[in-house]
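# heads up, no residue letters with this:
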C-alpha cells in the first residue's frame, strides 16, 4: 500500500489543479484511505486494507493519505471525518464512504463498483 502526497496523488489519481471535471489518472481502480495516526477507527481499517491489497493484487490499487500531513488534499475532497474512503472506478465518478467499514462491505464495493466494468467488458 502506497502513501500518497499531493504530487503523487496528481500523478496517480486526479490533478484537481489542472482539471475542473473528474479525470482519473490511474490505470486500475483504486481505494483511497484518508486517515490520521491518532484515529482509532482508522487503525481498525488498516489491516483490512492490507489484506484486500493482497487479495486483489493486480486488480486494484489501495492508497493512503495522511490527512494531517496532506491537509490541502483532505480539504480538496471535503474530508470532515476520518476514516473517509474514496472508491475510484476506472471510468466512472468516484464514491466516498465514511467510517470504518467491515471487510465484507469493502469486498462488496470492490466487486460491484470497482471491478464491475472489468466484468462487463469480458
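Nice, I can see it. Worth saying up front: this structure is predicted, and the values here are computed from it rather than measured. Numbers count the residues shown, from 1 in each chain.

# I figured residue 15 hits residue 26, correct?
No: using CB atoms under 8 Å, residue 15 makes no contact with residue 26, being 11.7 Å away. Backbone N, C-alpha and C define where each C-beta goes, glycine included.

# host element of residue 34?
strand 30-35 (DSSP states H and E).

# same for that strand, what does it pack against?
The contact analysis (3 or more CB pairs under 8 Å, 6 or more residues apart in numbering; DSSP states H and E) places strand 30-35 against helix 40-55, strand 61-66, strand 84-88.

# same list, those, but as JSON lines with mean pLDDT, mean neighbour count and distance to residue 20 please.
Formatted as JSON lines, those follow (pLDDT from 0 to 100; neighbours: other CB atoms under 10 Å; distance: least, CB to CB, whole Å):
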{"stretch": "helix 40-55", "mean pLDDT": "96", "mean neighbour count": "15", "distance to residue 20": "30"}
{"stretch": "strand 61-66", "mean pLDDT": "97", "mean neighbour count": "21", "distance to residue 20": "21"}
{"stretch": "strand 84-88", "mean pLDDT": "97", "mean neighbour count": "21", "distance to residue 20": "17"}
